[in-house]
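Visitor: Take this sequence and fold it.
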Amino acid sequence: MNKKEIYEELKKNPKNVRFERLCKAAELFGFRFRGGKGSHRVYVKDGVQEILNFQNVKGMAKPYQVRQFGETEKKALKEIMTAIELWLETAEKEGREIPQPAGKELLKAIVDEKITSRPPRPQRAGA
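Guide: The predicted structure is shown next:
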């Protein structure tokens, strides 16, 4: 399963997510285990303010914690898209060459969609 499929699975049914599945999903999305006590595990991610605190209740994750994970990822993705759009606008205004997208599968798909949905840039004189 890729990240998008995992994200959609968690979003679709937050009430029926195994604790270990949620922990593995957090790690797949770049969060790292920071510690925890008893039935709790804490995950952090560079550049993300929110700290994820998951609790194991009879092998299952609490639904609100599954939703919290999804909202945190959604917020981070929105911030990335804003940064990309601002960079593209600036590059266009300054006449810079815009490189072809590369990187992680999910981000690449989003960037490709954004670039193809933008109107074509006018050609510079002599180009």
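
Visitor: Tell me how many other residues crowd residue 32.
Guide: Applying other Cβ atoms under 10 Å, we find 11 residues neighbouring residue 32. Just so you know, the C-beta spots here come from the backbone N, C-alpha and C atoms, and that holds for glycine as well.

Visitor: The one 10 residues further on now?
Guide: For residue 42, the count of nearby residues is 15 (other Cβ under 10 Å).

Visitor: Am I right that it is in contact with residue 34?
Guide: Yes - counting by Cβ atoms under 8 Å, residue 42 sits close enough to residue 34 to count as a contact (4.7 Å).

Visitor: joint contacts of those two?
Guide: With contacts taken as Cβ atoms under 8 Å, 6 or more residues apart in numbering, the residues that reach both residue 42 and residue 34 are residue 51.

Visitor: pLDDT of the biggest helix by length in the chain, averaged?
Guide: Looking only at the chain and at elements set by DSSP state H, the helix with the highest residue count is helix 63-93. In this model, helix 63-93 carries a mean pLDDT of 86.

Visitor: What are the buried residues along that helix?
Guide: Counting neighbours by 16 or more other Cβ atoms under 10 Å, one finds that the buried residues in helix 63-93 are 65, 66, 68, 69, 70, 72, 73, 76, 84, 88.

Visitor: Please identify the helix or strand for the closest residue to residue 27 other than its chain neighbours.
Guide: Nearest non-adjacent residue to residue 27, counting by Cβ to Cβ, 6 or more residues apart in numbering: residue 33, 7.1 Å away. Using DSSP states H and E, the element containing residue 33 is strand 32-35.
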